[in-house]
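**Student:** I'd like to go over a predicted model; first the sequence, then the structure.
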Number of protein chains: 2
Amino acid sequence: MGVVMESGAPIVYVETKKMHHSKRTVIDILRENPGFVSGEAISQTLGVSRNAVHKHVKSLRKRGYDIVGVSRRGYKLEDEPATLAMPFVADRTRHSLLGRSFRYYDEIESTNVEAKNLAAAGAPEGTVVVAEQQSAGRGRLGRRWTSPAGKGLLFSVVLRPPVDMADVHLLTIAAAIAACDAIESLTDVSVRIKWPNDLLIDDRKVGGILLEAAGEQDAIDWVVVGIGLNVNTEYNELPVALRRTAVSLKTASGKPVDRSELLARLLLSLEERYMDAVRNGFDRVLTDFRARDYLARRSISVQTRRGPVTGVALGVDEKGALLVQLPHRHVQRFHSGDVTLR
Amino acid sequence: MGVVMESGAPIVYVETKKMHHSKRTVIDILRENPGFVSGEAISQTLGVSRNAVHKHVKSLRKRGYDIVGVSRRGYKLEDEPATLAMPFVADRTRHSLLGRSFRYYDEIESTNVEAKNLAAAGAPEGTVVVAEQQSAGRGRLGRRWTSPAGKGLLFSVVLRPPVDMADVHLLTIAAAIAACDAIESLTDVSVRIKWPNDLLIDDRKVGGILLEAAGEQDAIDWVVVGIGLNVNTEYNELPVALRRTAVSLKTASGKPVDRSELLARLLLSLEERYMDAVRNGFDRVLTDFRARDYLARRSISVQTRRGPVTGVALGVDEKGALLVQLPHRHVQRFHSGDVTLR
């Protein structure tokens, strides 16, 4: 069942945005101790006040952590969040374009399909569609995208950018950069981008961007940016065929990731990159892409409609097209195509 | 009210495709004579058999001409066609992609909007939406497009081309060329194209193309090509504000144009250009565009999102982008923008 949630719910929760992943926090201590831990012990371990511990536990509960508190025994983590804490996400993004209107589903065919339908029917820019599970999740070029319920992040946002159709492709790269920023602010993994839309940790895929757009050549009607991430998926929950090529943030970092916090950060980071690109162009996105370019200087093969082309990847041009040095020939530009390492 | 018509209706009408506009035909003679003209007189004037005259009159009636025939008096043209003869159009295009499925409306908001809705709902490639009048007809960049009922041609076709989003723009040019071909095969006017989508006779606008598309960067979902033409519109039927800048085929050629025949030719010509582009690329379209380029070597001003740019138009590049020689500077490419002569 779909639930429509408008943000601006009266949740008065302030979280410091500077929470750093490498520092131990309350949740780390609770995870390390299967039984009760006293507030006093947590307070001493972290070097913060009892009151700060109490507030942090309250905030964890808002994000869906099942933490019991018993006087004179302390706190105990009963369960990690099973579902996204949407009121928390809406509150974190309450001053944001990408926080105006959320639609949250336990299960949906595809968040991109739903967002496209909403966009075509006039949904405002910033509309976000989130699902715990997709029955027909899609990747680029019609491929399937599967994720066990409650383990990944699957969402799509509606944008109406004042850019030309020819530049829409750059928003795929902007979204990929935004996803890297958000992931790295919350975990200790490093993410690279395999042009045009894959997110990789080392050589394994942790997520991807699926951008769809409609409009005239110089007047975009809508853009839907879909992001799919493997977050807390366990190795044995991945489809067998993907176990050698896919990875989750949990498997890569060794720690479960707070999906609600990650979703909030992804939305804020996406908005920041989007606004910057619309106001100042795509230079910063392209610079940041080059620092995360998985294919750079590698021997690759690009599958095109007219067959495969092989060469050495040289990064992207100012339009986000892939540049490939062909053997004994000039540099060729690719606006699309499926790339494999050789 | 909308009427859905599937082609393949059992109309056995064969018309020679080589009908040449400069040759006088039955309809010319009937138009010149307000009363009855005998079949014998027509036969002698045109140098064809009585039977050929009889068959031609039958075909004119199928196209909507109100011609009475009285024995021993001959034929008399009571009225030009008030509406499109869709069975005739469907029959002329019965072996064509753009003849599989027609939707014909007396009045509709916009043929592009209807075609987009059909396309998003899965309508097959080749679906054609035709209207005698639009209540909210649109041109490029959200401008209005008005046409009195029964005087213009207003239609949109659904395509699903195997091209990249970055190349969709070239289909605007392909459609413009197709429209020029069809118009010039039926009238004695010469049509030029004002990049990217206007059709001009001398310096006046006779029609335009409105292309909209949706999909991923390298997997188009649908393209809707809308064509609007002033066909039999009289000078005083044009909006006052447009009388100095617009023209109709009738005003330009001095003769009414058979809209049903023109629609059939437009569909056949559009299909030919489309198929050629999909199979062989856009080289031929670009070559033919250059011969019809209204802006070539003229001083122009391009309105862009970042303000106007002035220079001399140098034609289009291999992607259909407008090349403009700036004063004391390099040549700039425009993928979009509104162009005015200086």
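**Tutor:** Received, thanks.

**Student:** only C-alpha atoms for contact and neighbour calcs from this point on.
**Tutor:** Will do.

**Student:** Could you list the low-confidence segments of chain A?
**Tutor:** A:1-22, A:140-142 (pLDDT under 70).

**Student:** Near chain B, which residues of chain A are found?
**Tutor:** A:140-141, A:164-166, A:169, A:210-219, A:335-337 (CA under 8 Å from any CA of the partner chain).

**Student:** buried subset of those?
**Tutor:** Among the residues of chain A next to chain B, those classed as buried by neighbour count (16 or more other CA atoms under 10 Å in any protein chain shown) are A:140, A:164-166, A:169, A:210-219, A:335-337.

**Student:** Let's check: the centremost residue of chain A is which one?
**Tutor:** In chain A, the residue lying closest to the centroid (CA atoms, centre = their mean) is residue A:179, at 4.7 Å.

**Student:** Quick check: closest non-adjacent residue to it.
**Tutor:** residue A:266 (5.8 Å; CA to CA, 6 or more residues apart in numbering or on different chains).

**Student:** Quick check: which element contains the one you found?
**Tutor:** Following DSSP states H and E, one finds residue A:266 within helix A:259-280.

**Student:** Next: residue A:31.
**Tutor:** helix A:26-32.

**Student:** ok, the residue nearest to residue A:179 - contacts?
**Tutor:** Residues counted as contacts of residue A:266 (CA atoms under 8 Å, 6 or more residues apart in numbering or on different chains) are A:178-179, A:182-183.

**Student:** How about the closest residue to residue A:310 other than its chain neighbours: which residues does it bridge to?
**Tutor:** Nearest residue to residue A:310, sequence neighbours excluded (CA to CA, 6+ apart): residue A:301, at 4.3 Å. Residue A:301 has these beta-bridge partners by DSSP bridges: residue A:310, residue A:340.

**Student:** For chain B, see how far away residue A:301 is.
**Tutor:** For residue A:301, the distance to chain B (CA to the nearest CA, to the nearest Å) stands at 17 Å.

**Student:** Need the contact partners of the one helix or strand residue A:44 maps to.
**Tutor:** Using DSSP H and E, the element containing residue A:44 is helix A:39-46. The set of residues external to helix A:39-46 that reach it, using CA under 8 Å, 6+ apart, is A:24-26, A:29, A:49-50, A:52-54, A:74-75.

**Student:** packing partners for the next helix-or-strand element following that helix?
**Tutor:** Remark: after helix A:39-46, the chain's next helix or strand is helix A:50-62, criterion DSSP H and E. Secondary-structure packing of helix A:50-62 (3 or more CA pairs under 8 Å, 6 or more residues apart in numbering or on different chains; DSSP states H and E): helix A:26-32, helix A:39-46, strand A:66-70.

**Student:** can these go into CSV with extra columns for mean neighbour count?
**Tutor:** Output for the helices and strands packed on helix A:50-62, formatted as CSV (neighbours: other CA atoms under 10 Å in any protein chain shown):
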stretch, mean neighbour count
helix A:26-32, 15
helix A:39-46, 16
strand A:66-70, 15
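
**Student:** three-state assignment of residue A:168?
**Tutor:** Secondary structure state of residue A:168, per DSSP: H, G, I helix; E, B strand; the rest coil, is helix.

**Student:** Which of the contacts of helix A:39-46 are buried? Put it as a PyMOL command.
**Tutor:** Listed next is the PyMOL selection for buried residues among the contacts of helix A:39-46, using 16+ other CA under 10 Å:
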select buried, chain A and resi 25+26+29+50+53+74+75
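
**Student:** And the contacts of helix A:39-46, which two are furthest apart?
**Tutor:** Greatest spacing in the contacts of helix A:39-46, by CA to CA: A:24 and A:74 (18.3 Å).

**Student:** Contacts for the helix holding residue A:31 next, please.
**Tutor:** A:37, A:42, A:46, A:53, A:56-57, A:60, A:75-77.

**Student:** can you rerun that using 10 Å?
**Tutor:** With contacts defined as CA atoms under 10 Å, 6 or more residues apart in numbering or on different chains, helix A:26-32 is touched by A:36-37, A:39, A:41-43, A:45-46, A:52-54, A:56-57, A:60, A:65, A:67, A:75-80, A:255-256.

**Student:** Just say helix, strand or coil for the closest residue to residue A:234 other than its chain neighbours.
**Tutor:** Distances taken as CA to CA, 6+ apart place residue A:251 nearest to residue A:234, at 6.5 Å, with adjacent residues excluded. Per three-state DSSP, the secondary structure class of residue A:251 is helix.

**Student:** repeat for residue A:77
**Tutor:** Residue A:77 is classified as strand under three-state DSSP.

**Student:** got it, and residue A:132?
**Tutor:** Judged by three-state DSSP, the three-state class of residue A:132 is strand.

**Student:** so the residue of the stretch 151-300 of chain A found nearest chain B is in which element?
**Tutor:** Closest to chain B within the stretch 151-300 of chain A is residue A:214: 3.9 Å, counting by CA to the nearest CA. Per DSSP H and E: residue A:214 is located in strand A:204-216.

**Student:** Report the inter-axis angle for that strand versus strand B:204-216.
**Tutor:** In terms of direction (axes from the mean of the first three to the mean of the last three CA atoms, to 10 degrees), strand A:204-216 departs from strand B:204-216 by 160 degrees.

**Student:** Chain A - how does it break down into domains?
**Tutor:** A:26-79, A:86-291, A:299-341 (automatic domain parsing).

**Student:** And the ones you listed: which comes nearest residue B:203?
**Tutor:** That would be domain A:86-291 among these, by CA to CA, at 24.0 Å.

**Student:** And the closest one, end to end?
**Tutor:** Distance across domain A:86-291, first residue to last, is 33 Å (CA to CA, to the nearest Å).

**Student:** Quick one: the strands in the stretch 51-200 of chain A, in order.
**Tutor:** A:66-70, A:74-79, A:101-108, A:127-134, A:152-159, A:192-194, A:198-201 (DSSP state E, counting those that start in this stretch).

**Student:** Leaving aside the residues adjacent along the chain, what's closest to residue A:342?
**Tutor:** Distances taken as CA to CA, 6+ apart put residue A:300 closest to residue A:342, at 5.1 Å, once the chain neighbours are dropped.

**Student:** Help me confirm that that neighbour comes into contact with residue A:327.
**Tutor:** No - with contact defined as CA atoms under 10 Å, residue A:300 does not count as touching residue A:327 (11.7 Å).

**Student:** hey, what's in contact with both of those two?
**Tutor:** Residues touching both residue A:300 and residue A:327 (CA under 10 Å, 6+ apart) are A:310-312.

**Student:** Save those residues as CSV, and put in distance to residue B:306 too.
**Tutor:** Supplementary listing: those in CSV, determined by distance: CA to CA, whole Å:
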residue, distance to residue B:306
A:310, 38
A:311, 37
A:312, 36
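
**Student:** possible to save the residues you listed as a markdown table with neighbour count?
**Tutor:** Formatted as a markdown table, the shared contacts of residue A:300 and residue A:327 follow (neighbours: other CA under 10 Å):
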| residue | neighbour count |
| --- | --- |
| A:310 | 18 |
| A:311 | 21 |
| A:312 | 20 |
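
**Student:** now, among these, which is nearest to chain B?
**Tutor:** Looking across the shared contacts of residue A:300 and residue A:327 and measuring by CA to the nearest CA, the closest to chain B is residue A:310, at 18.8 Å.

**Student:** ok, the closest one - contacts?
**Tutor:** Per CA under 10 Å, 6+ apart, neighbours of residue A:310: A:299-303, A:324-327, A:339-342.

**Student:** centre of the chain versus stretch A:33-43, how much separation?
**Tutor:** Averaging C-alpha positions (CA atoms, centre = their mean, to the nearest Å) puts stretch A:33-43 32 Å from its chain's average.

**Student:** Can I get it in CSV, CA atoms only?
**Tutor:** The C-alpha coordinates for stretch A:33-43 follow below in CSV (Å, rounded to 0.1, in the frame of the first residue of the first chain):
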residue,chain,number,x,y,z
ASN,A,33,26.8,-5.7,23.7
PRO,A,34,24.0,-8.2,23.2
GLY,A,35,22.5,-7.5,26.7
PHE,A,36,21.8,-4.2,28.6
VAL,A,37,24.4,-1.5,28.8
SER,A,38,24.0,1.2,31.4
GLY,A,39,23.6,4.9,30.4
GLU,A,40,26.5,5.6,32.7
ALA,A,41,28.8,3.1,30.9
ILE,A,42,27.9,4.5,27.5
SER,A,43,28.4,8.1,28.8
